Every structure is written in C-alpha cells, then in structure tokens.
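Engineer: sequence-free structure coming up:
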C-alpha cells in the first residue's frame, strides 16, 4: 500500500485498481440513493454491512476512514441535534423550552446514521481512486451526451485540470508560507487584523504562480496539438471486468430491494 502525495488516495496492486472509475461512480451513486431513500434502520444496517464488507475486500485503511470522518462529525451532531429538539411527538424529557420526543430521538438517530454512511461511502470512493481517474470516468459516463452537442469533453478537461491544480497549489501555498516565515513573517502572532494581513500577503505570489502554471499548461497543450471539440483517444483501453459487473449488480440490487422486500 503506497500513499500518493498528490492526493489523499491509496494505490493498491489489485483489489482497488481492478475496478473501472465509471463503475465506482455508478456503484457509489446507487449506494448513496439507497441510503437517502432507506425506509428504516434495518435497511440502513444492511447497507452498512455491505459497505463494510466492500471496504474490507478492497483493503481500505480503517484508520484513514475514521480520521476523514472526524472532520464531518460536527455536521452529523448539529443535524441530529436539530432533529432531536425540533421534531414534535410523544414527550420523553422536557426542561423549560427544550423538549425531547420519542419521534425526535428516532429521527435524530436515523438521519445521523444516514449522514455517517454517506460520508463513509464517499470516503471509500476517494481513498481508492485518483481525482483525475474519476474525472475521466465521469467523462465516459457523459459521452452519449455529445450526440446532442453538449461539450462533455471540454467539461471533463476543465474538471481534470482543476482537480490536478488543487494539490499543486496547496503545495505552492505551503512553500510560499515557509519562505516568508524564513524571512521573518509572523502568521500566528499579533492581533487578528495583523494575522489577516499576513495571510493576504500570500495571495499575490500564489496567484502569480497559478497564472504562470496555467500559461505553461496552455503552451504545452498547444504544442501537443490539443483542439477543443475534437474526439480524443486514451492510451489505456477501459473494459468492464467481472469485478465491475459484480459491484454494479450488488449496488443496483441493494437499491431496488427497498421496493421488492
């Protein structure tokens, strides 16, 4: 297992890389729809079991999943707390204007579990896929729209370049910050106004670096003969394997089971 420094992904030799990006996107979409439309806790627990099994099969690091989910814990607590206090029903506990009902307790737990599983599903997707690969897979999914003259190729190109620039500019901002610290700049001391001015001082060299990289990229694309709107080929041929069909079958059956059972 090798950590990719340019993105928060983990590259695996076989289990994760065997799936095509479009399969991951479509399968994850059906998982998210199943979680959002789940009728009760039993169905949510069934989805959670499938998600955990899939995470184990593709060897997703559990510690990394939990670390990423901690960042969204406040959203889950805030949403669940709002449902707990604002849902009317059979009163279980009351203190002045604060009331907790049986229905509010059920809704808070249900929505909290839904959010938890949505974040978990997205974490599994992002930890096992590179952003550029997902953008390419998204472009292949939208490819039929080109028949109605929707420029999906240009949209995917913009998405790919944007995703590629995010880690590059984050590293550029860290380098500029360290360089200014070495020159005596103070970012964490002084009043709030002084700290804001110190942070704003990073913007000029950061934008200058972004424009320089964008100009270099445009020159490189022109030199390689890129023409907007023209069909493009890929060096790697993408074909769905047995694992792709299995994941799609599991996700679609899980989504449809709420109306069958």
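Structural biologist: Alright, I've got the coordinates. All values derive from a computational prediction rather than experimental measurement. Numbering: from 1, shown residues only.
Engineer: which residue packs closest to residue 241, ignoring adjacent ones?
Structural biologist: The spatial neighbour of residue 241 that comes closest, neighbours along the chain excluded (CB to CB, 6 or more residues apart in numbering), is residue 18 at 6.4 Å. All C-beta spots, glycine's among them, are computed from the backbone N, C-alpha and C.
Engineer: doesn't residue 62 make contact with residue 127?
Structural biologist: No. Counting by CB atoms under 8 Å, residue 62 is not a contact partner of residue 127; they are 10.5 Å apart.
Engineer: buried stuff in the longest helix seen in the chain?
Structural biologist: With DSSP state H setting the assignment, residue counts place helix 152-182 as the longest helix in the chain. Using 16 or more other CB atoms under 10 Å as the test for burial, helix 152-182 gives 152-153, 156-157, 159-160, 163-164, 172, 176-177, 180.
Engineer: possible to save those residues as CSV with distance to residue 33?
Structural biologist: Output for the buried residues of helix 152-182, formatted as CSV (distance: CB to CB, whole Å):
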residue, distance to residue 33
152, 22
153, 27
156, 23
157, 28
159, 22
160, 26
163, 24
164, 29
172, 38
176, 42
177, 41
180, 47
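Engineer: okay, who's weakest in these by pLDDT?
Structural biologist: By pLDDT, residue 163 ranks lowest within those, coming in at 75.
Engineer: what is the orientation angle of the helix or strand hosting residue 208 with helix 152-182?
Structural biologist: Take DSSP states H and E as the rule and residue 208 turns out to sit in helix 203-223. Inter-element angle recorded for helix 203-223 and helix 152-182: 140 degrees (by axes from the mean of the first three to the mean of the last three CA atoms, to 10 degrees).
Engineer: Summarise which helices and strands helix 203-223 is packed against.
Structural biologist: Applying 3 or more CB pairs under 8 Å, 6 or more residues apart in numbering; DSSP states H and E, one finds that helix 203-223 makes contact with helix 152-182.
Engineer: And for whatever helix or strand comes next after the helix it packs on, what's in contact with it?
Structural biologist: Using DSSP H and E, the next helix or strand after helix 152-182 towards the C-terminus is helix 192-200. The contact list for helix 192-200, computed with CB atoms under 8 Å, 6 or more residues apart in numbering, reads 185-190.
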